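Chemist: here you go, sequence then predicted model.
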Amino acid sequence: MNETQTEIQTPETPAAPGLARHGAFGFPLHPSRAVALGEIHARPAPSISAPRALIKLCFMTEAGSTVDHAALAELSRRHGAAPPDRQARHHTIQTGKGSLRWERHTEASTYLWEGPLSRRPGDLPTGHPFGEEFPPPGTLIAGVRMEIRKHSPATMKLVDSFDPATLCCSLVEGGLAVVVTDFRQDASGLTRILVLDKGMTPQRTGALAQRLFDIEIYRTLAMLGLPLAQRLSPRLRKAEDQLAELTHRMRSIDAGDAEPLLDEITALAADLEADAASSLYRFGASRAYDEIVHDRLAALGEEPVTGYDTWLSFLERRVAPAMRTCRSVEDRLANLSEKLARAATLLRTKVDVAVEKQNRDLLHSMNKRAKLQLRLQQTVEGLSVAAVSYYVVGLIAYVVKGIDPKRFGVPDTAVTALAVPVVVLAIWAVVRRIRRSHSDG
């Protein structure tokens, strides 16, 4: 290899030290590149040819992925397949004439069985693996039984077996298929869906089946937010009444009596924050699931069949009000929390203003006391100068008497009298100097 050539590192080529792998032209790979590129291939649609039966179960995995993996491992061993890796999110097991596809979601896992269906309309699917021996990984939240049959006058008569009150029938895939359901549960507790194939390819049939499964499962998961919203709604109404009563009391309460009211507002705010925190995930998940349902319905491209409801119009009437209720409760929680925060802030401001007023009055009082102390100090200083001068002049008088100034023709009383102003001025100067030194310090 000459100097102008570049070595292209293949997956088999050892990576350079410090790098996990190399991609095209030997460049280092981003650690999340494989996940980002593989996500679009994470849910491959099965290739299905009519007639075919499909059963999909969705389990809530409250116990975590450990129980889910244990159930899947047991199911794999039963059918002679190797269990998946613990980090796997997809797994397929061959079950004789059919297959079983497992998929892990954020809070649930799904099991899709695909197998043969009797060619005679009305026959139930046989041979599915969900019997007494199947170890459920959690609680069942949704179950769908789908029959994919060739379109014919005989299979069209199966539409009459659905509940006419909630029957939905429409053309999809550019008129290549008829999809029928009533969103009711049969004797097995499964929602029944009928797909009549007018000439779709197996790939398009599998993609259509996947979208229909998603609509039913995700709309069920989206509805999990409704019971929570219904439980929270009375509590929110009570909290709103409490907030109105508290804010009414705020207008007439004195700042000194605000502490009990502030405690009540804080306690109410804590309860609301707890409700908001506990419902945050559920409402967010319901909103995300509802968006997925709308995406799948839009991808169907439904064409109405005369005399029947479309899936989109039916779900808009039945599911949309529940989602609006969830959003309403979520918005009420947020708005009520903001109002409580504002009320607490206003009350604290009122208390702070009262405290500032008290501090101002206290400083004014301290200033007056300081002035009085200064005047008293000045009075004491004047008295102290007089007292000290008196004692000093007395001492001078004793000294003068001892010297006997009469021999010089000056009486002792005159000397004492002359000493008085000198002593007073000297003492006053000394006291003033001491006071100035203290002031400078």
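Modeler: Yep, that arrived. Numbers count the residues shown, from 1 in each chain.
Chemist: off-centre distance for the one helix or strand residue 143 maps to?
Modeler: Element membership for residue 143 (DSSP states H and E) is strand 139-150. Counting by CA atoms, centre = their mean, to the nearest Å, strand 139-150 is centred 33 Å from the centre of its parent chain.
Chemist: output it as CSV, nothing but the C-alphas.
Modeler: Written as CSV, here are the backbone C-alpha positions of strand 139-150 (Å, rounded to 0.1, in the frame of the first residue of the first chain):
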residue,chain,number,x,y,z
THR,A,139,-51.8,-8.3,34.0
LEU,A,140,-53.6,-8.4,30.7
ILE,A,141,-54.6,-4.9,29.4
ALA,A,142,-55.6,-5.6,25.8
GLY,A,143,-56.2,-8.6,23.6
VAL,A,144,-57.0,-8.7,19.9
ARG,A,145,-58.1,-11.6,17.7
MET,A,146,-57.7,-10.8,14.0
GLU,A,147,-59.0,-12.9,11.1
ILE,A,148,-57.5,-12.2,7.7
ARG,A,149,-59.6,-13.8,4.9
LYS,A,150,-59.9,-13.4,1.2
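Chemist: and residue 156, how many neighbours?
Modeler: Using other CB atoms under 10 Å, residue 156 has 16 other residues around it. For the C-beta atoms, the positions are set from N, CA and C on the backbone; glycine is no exception.
Chemist: got the domain boundaries for this protein?
Modeler: What automatic domain parsing lists as the domains of the chain is 43-222, 225-301+310-361, 371-440.
Chemist: now these in TSV, with mean pLDDT and distance to residue 28?
Modeler: Shown next, in TSV, are the domains of the chain (pLDDT from 0 to 100; distance: least, CB to CB, whole Å):
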stretch	mean pLDDT	distance to residue 28
domain 43-222	86	23
domain 225-301+310-361	89	34
domain 371-440	77	72
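Chemist: okay, the ones you listed in CSV with distance to residue 37 next?
Modeler: Shown next, in CSV, are these (distance: least, CB to CB, whole Å):
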stretch, distance to residue 37
domain 43-222, 14
domain 225-301+310-361, 22
domain 371-440, 79
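Chemist: picking up where we left off before, for the strand holding residue 143, which strands pair with it and how are they oriented?
Modeler: strand 52-60 (antiparallel), strand 191-197 (parallel) (DSSP bridges).
Chemist: related to what we said a few turns ago, so of the domains of the chain, which one's packed in deepest?
Modeler: Comparing the domains of the chain by mean neighbour count (mean count of other CB atoms under 10 Å), domain 43-222 comes out on top with a mean of 17.
Chemist: first-to-last residue distance for that domain?
Modeler: Using CA to CA, to the nearest Å, one end of domain 43-222 lies 20 Å from the other.
Chemist: do the same with stretch 250-269
Modeler: OK, stretch 250-269 end separation, CA to CA: 16 Å.
Chemist: need the residues that contact that stretch.
Modeler: 239, 242-243, 246, 249, 337, 340-341, 343-344, 346-348, 350-351, 353-355 (CB atoms under 8 Å, 6 or more residues apart in numbering).
Chemist: if we use 7 Å, what do you get?
Modeler: Outside of stretch 250-269, the residues within contact range by CB atoms under 7 Å, 6 or more residues apart in numbering are 239, 242-243, 246, 249, 337, 340-341, 343-344, 346-348, 350-351, 354.
Chemist: ok, the residues you listed vs residue 395, which is closest?
Modeler: residue 354 (60.2 Å; CB to CB).
Chemist: residue 101: what secondary structure?
Modeler: strand (DSSP: H, G, I helix; E, B strand; the rest coil).
Chemist: whoops, I mixed them up, residue 137
Modeler: Residue 137 ends up coil, using three-state DSSP.
Chemist: my read: it touches residue 66, true?
Modeler: No. Contact criterion CB atoms under 7 Å: residue 137 and residue 66 do not qualify, at 9.5 Å.
Chemist: state the next helix or strand along the chain beyond the strand holding residue 143.
Modeler: Downstream of strand 139-150, the next assigned helix or strand under DSSP H and E is helix 153-156.
Chemist: hang on, the earlier thing: of all the domains of the chain, which one is nearest residue 32?
Modeler: Taking these one by one with CB to CB, domain 43-222 is closest: 14.6 Å.
Chemist: where's the closest one relative to the chain centroid, distance-wise?
Modeler: 33 Å.
Chemist: all strands of the stretch 101-250 of the chain, in order?
Modeler: For the stretch 101-250 of the chain, the strands defined by DSSP state E, counting those that start in this stretch cover 108-115, 139-150, 168-172, 177-185, 191-197.
Chemist: which residue is nearest the middle of the protein?
Modeler: residue 280 (5.1 Å; CA atoms, centre = their mean).
Chemist: ok, that residue - contacts?
Modeler: Residue 280 touches nothing, counting by CB under 7 Å, 6+ apart.
Chemist: ok so it is a helix residue?
Modeler: Yes. Counting by three-state DSSP, residue 280 is located in a helix.
Chemist: look up how far residue 286 lies from it.
Modeler: As judged by CB to CB, to the nearest Å, residue 280 and residue 286 stand 11 Å apart.
Chemist: and the next helix or strand past the helix or strand that contains residue 353?
Modeler: In this structure, residue 353 sits in helix 320-403 according to DSSP H and E. Next helix or strand after helix 320-403 toward the C-terminus (DSSP H and E): helix 412-440.
Chemist: what is that next one packed up against?
Modeler: helix 320-403 (3 or more CB pairs under 7 Å, 6 or more residues apart in numbering; DSSP states H and E).
Chemist: tell me the angle the helix it packs on makes with helix 412-440.
Modeler: Here helix 320-403 runs at an angle of 160 degrees relative to helix 412-440 (axes from the mean of the first three to the mean of the last three CA atoms, to 10 degrees).
Chemist: my read: residue 210 touches residue 48, true?
Modeler: No. With contact defined as CB under 7 Å, residue 210 does not reach residue 48; the gap is 9.5 Å.
Chemist: can you give the distance from stretch 265-285 to the centre of its chain?
Modeler: Relative to where its chain is centred, stretch 265-285 has its mean C-alpha point 10 Å off (CA atoms, centre = their mean).
Chemist: same question, stretch 261-272
Modeler: With CA atoms, centre = their mean, you get 21 Å for stretch 261-272.
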